[in-house]
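Everything below, folded, please.
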Amino acid sequence: MSKKLLNRHTLNLLPDSVTIPDYDRNTIRAGIVHLGIGAFHRAHQAWYTEQLLVEGASEWGIIAASLRSPAVRDQLAPQDYLYSVAEKSNAGEKVRVIGCVQHVYVAPENPGALLEAMTDGEIRIVSLTITEKGYCHDPASGTLNLQHPDIQHDLANPQSPKSALGFIVYALQARMDKGLPGFTLLSCDNLPANGKLLQRVLFEFAEQVDPDLASWIKVNTRCPSTMIDRIVPATTDTDREALENMLGLRDNAAVVAEPFSQWVIEDNFLRGRPDWDRAGATFVEDVEPYELIKLRLLNGCHSLLAYSGYLAGFETIADVMAEPAFAALAQHFLATEAGTAVEAPRGFDLEKYRQQLLERFSNRALRHRTWQIAMDGSQKIPQRWLGTLRHQLANGGPIDLLSFALACWIRYVSAVDDAGNTIEVSDPLAADLKALCDRHADDTSELTAAFLQFSAVFGADLRQSERLHSALSGWLTRLKQHGVLTCVRTQFEKSPA
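Coordinates of the predicted model:
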C-alpha cells in the first residue's frame with residue numbers, strides 16, 4: 001500500500017490516464033458556499049463546476065460546509081481539498097481529480113466562521129445537498145416544522161445555528177444589516193419543486209425571526225428549482241484500496257459514481273450564475289416535468305428495488321437486477337404505474353430513458369447497497385411513490401405495484417427481514433413506525449389502516465381510499481405468508497426481463 005497521500009505536491013505523480021486540475025488553484029475566487037458536502041455534491045455539482053474552472057471561470061470556486069460531522073473535512077484538509085471521482089461501469093473506470101473545493105467548514109465547531117463566510121459579498125450562490133430531512137419540514141404538507149428541535153434551537157440561538165435554514169436566514173440578516181445584496185439559494189436535493197419548498201420554509205423561518213427580514217429576503221433571494229441525477233453509492237474501504245492501487249496515491253476522500261449524470265436547472269438567478277450548461281447541465285424555464293420523471297421513475301423504482309430486494313436478502317441493486325423476476329418487476333413498474341404518471345417534455349425520449357434506467361440499475365461496478373437507498377424512507381416516500389399513487393387513484397389507473405412497494409416498506413420498518421434477521425432501520429421516524437408494526441402485527445387490515453392514518457407520511461387523503469386499503473392489506477398478507485422473493489417470482493417469473 002502506498003504511503004503517499006493525494007495532495008497538491010503529489011498530483012504530478014498520478015498516471016497520465018487520470019484527469020487533473022490544470023489551472024492555477026491560487027487564482028480561484030469563491031462564489032459559491034455549499035451546505036452539506038457529502039459524496040453526491042462532490043460527484044455532481046462540484047464535478048460540473050470543475051469543468052468550468054478548467055475553462056477559466058475563476059470566480060466560481062466552492063467553500064463547503066458540513067453541518068454535522070467533521071469526517072469529510074478531515075479527509076479533504078490533508079489533501080489540500082483535492083479528491084477524485086471514479087466513474088465506474090461494466091465497461092471500465094475513468095478517474096478525474098477535482099480541485100474546485102477551496103475549504104470545508106464544520107458548522108458545529110465554529111458556526112460563526114461559516115456565517116461570516118456566507119456573509120462575504122463575493123458569494124452569489126448558496127447551494128444545498130442536505131437530504132430531505134435537512135429541510136426540517138413536514139413531508140406530507142411541505143410546511144416548516146416549528147417543533148423541530150433544530151428549528152427551536154436556531155430561533156433561540158441566532159449566533160450558533162444548527163440547521164441549514166438557520167445559517168441561511170442569519171447570514172441573510174447580516175448581509176441586510178451590512179447593506180450587501182442577497183444570494184441565490186440552489187437546492188440540489190431529491191424533492192419535488194425543491195426550490196419552492198426551500199423558499200417556503202425559508203420565509204416561514206424568517207417570519208419567526210423578523211417580519212421585516214422576511215420581506216427583505218423575498219426581494220433579495222432567488223430559489224430556482226433543480227433536478228439532479230447521478231447514482232453515487234457510499235465509498236467503501238474496498239473502493240479506496242482499489243483506487244490506491246490504480247493511482248499509486250491514497251485518496252481518503254474519493255467518490256465513486258456512475259458515468260451518467262444529469263442536472264436540469266430553472267434559470268432564475270439573482271446575481272449571475274456559472275455556465276454549467278457548458279459542462280452538460282440544462283437550463284430551463286420549468287423543471288417540473290423533468291423532476292417528476294426522475295422522482296417517479298428513477299427514484300420510485302430505486303426505492304421499490306431497495307426495500308423488496310433488501311427483504312429478499314440482496315445486498316446491492318445490481319444483485320437485485322440479476323434476479324430475472326426483479327428485473328421484470330422493475331421493467332413493469334417503469335412502463336405502467338410510474339411511466340403513465342408522467343408527461344415527457346418536448347424532445348424527451350421516455351422509452352429510451354426507461355431503458356437507460358434498467359441498464360444503470362444493472363451496473364455491477366457500482367455496488368449501490370439496498371440498505372443505503374432504503375434510508376430515511378419516511379422522508380422520501382411522499383415524493384417517490386405517493387404522488388404517483390394519487391395520480392393513479394384519481395385516474396383509475398393501476399396501483400398494484402405501488403401497493404406492493406408500500407407493503408415492502410412497512411415490512412422493512414418492522415425491523416425484521418424475510419429471513420428473520422434484525423434490520424438496522426435508519427429513519428427519523430423509525431421508532432414510531434416500528435411501534436405501529438408491533439401494535440398491529442397480528443392483523444394486516446388494522447396494520448394497513450394504522451399506516452394510512454399516519455399523516456406525517458400519508459397526509460389525510462389516502463386513508464379514505466378503500467381500493468388502496470384493499471390492495472395494501474392484500475400484499476401485506478401475502479408477504480407475511482410467503483416472503484418477497486416468492487411473491488415476486490410468482491408474479492413475474494414468466495415475464496420478460
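
count of residues packed around the residue lying closest to residue 194 once chain neighbours are set aside?
Among residues not flanking residue 194 along the chain, residue 187 sits closest, at 3.9 Å (CB to CB, 6 or more residues apart in numbering). No exception for glycine: its C-beta is placed from N, CA and C like everyone else's. Residue 187 has 26 neighbours, counted by other CB atoms under 10 Å.

where exactly do the helices run in the stretch 251-400 of the chain?
Using DSSP state H, counting those that start in this stretch, the helices of the stretch 251-400 of the chain run over residues 288-293, 300-311, 317-321, 324-335, 350-361, 370-373, 377-381, 387-395, 400-413.

swap that for the stretch 51-200 of the chain, please
Along the stretch 51-200 of the chain, counting by DSSP H, counting those that start in this stretch, helices occupy 71-76, 111-119, 149-156, 164-178, 194-209.

So for the third one, what gets flagged as buried?
Using 16 or more other CB atoms under 10 Å as the burial criterion, the residues of helix 149-156 that qualify are 150, 151, 154.

ok, the first one touching residue 160?
Meaning residue 150. No: using CB atoms under 8 Å, residue 150 is not in contact with residue 160; the gap is 11.6 Å.

Now the common contact residues for those two.
Residues touching both residue 150 and residue 160 by CB atoms under 8 Å, 6 or more residues apart in numbering: none at all.

Just give the nearest non-adjacent residue to residue 141, would you?
Spatial nearest neighbour of residue 141, excluding adjacent residues (CB to CB, 6+ apart): residue 459 at 7.3 Å.

Please report the distance of the one you found from residue 425.
22 Å (CB to CB, to the nearest Å).

low pLDDT regions in the stretch 351-497 of the chain?
494-497 (pLDDT under 70).

residue ranges for the strands of it, please.
Counting by DSSP state E, counting those that start in this stretch, no segments of the stretch 351-497 of the chain form strands.

I'd assumed residue 277 was in contact with residue 48.
No: counting by CB under 8 Å, residue 48 stays clear of residue 277, with 9.4 Å between them.

Which one's more surrounded, those two?
Shown here are residue 48 and residue 277; by other CB under 10 Å, residue 48 has more neighbours (20 against 15).

From residue 55, how far out is that one?
Separation of residue 48 from residue 55 (CB to CB): 12 Å.

go on, residue 276?
11 Å.

Out of the two, name the residue with the larger neighbour count.
Each of residue 276 and residue 55 has its neighbours counted (other CB under 10 Å); residue 276 has more, 19 against 11.

Excluding residues flanking it in the chain, which one is nearest residue 132?
residue 379 (3.8 Å).

For stretch 363-379, which outside residues touch it?
For stretch 363-379, contacts defined as CB under 8 Å, 6+ apart pick out 88-90, 93, 131-133, 139, 231, 233-234, 236, 256-258, 302-303, 305-307, 309-310, 314-318, 320, 409, 412-413, 424, 426-429, 433, 456-457.

Walk me through the domains of the protein.
Domain segmentation of the chain under automatic domain parsing yields 11-284, 288-492.

Look at residue 459 and residue 425 and report which has more neighbours.
Comparing residue 459 with residue 425 by other CB under 10 Å, the one with more neighbours is residue 425, at 20 against 17.
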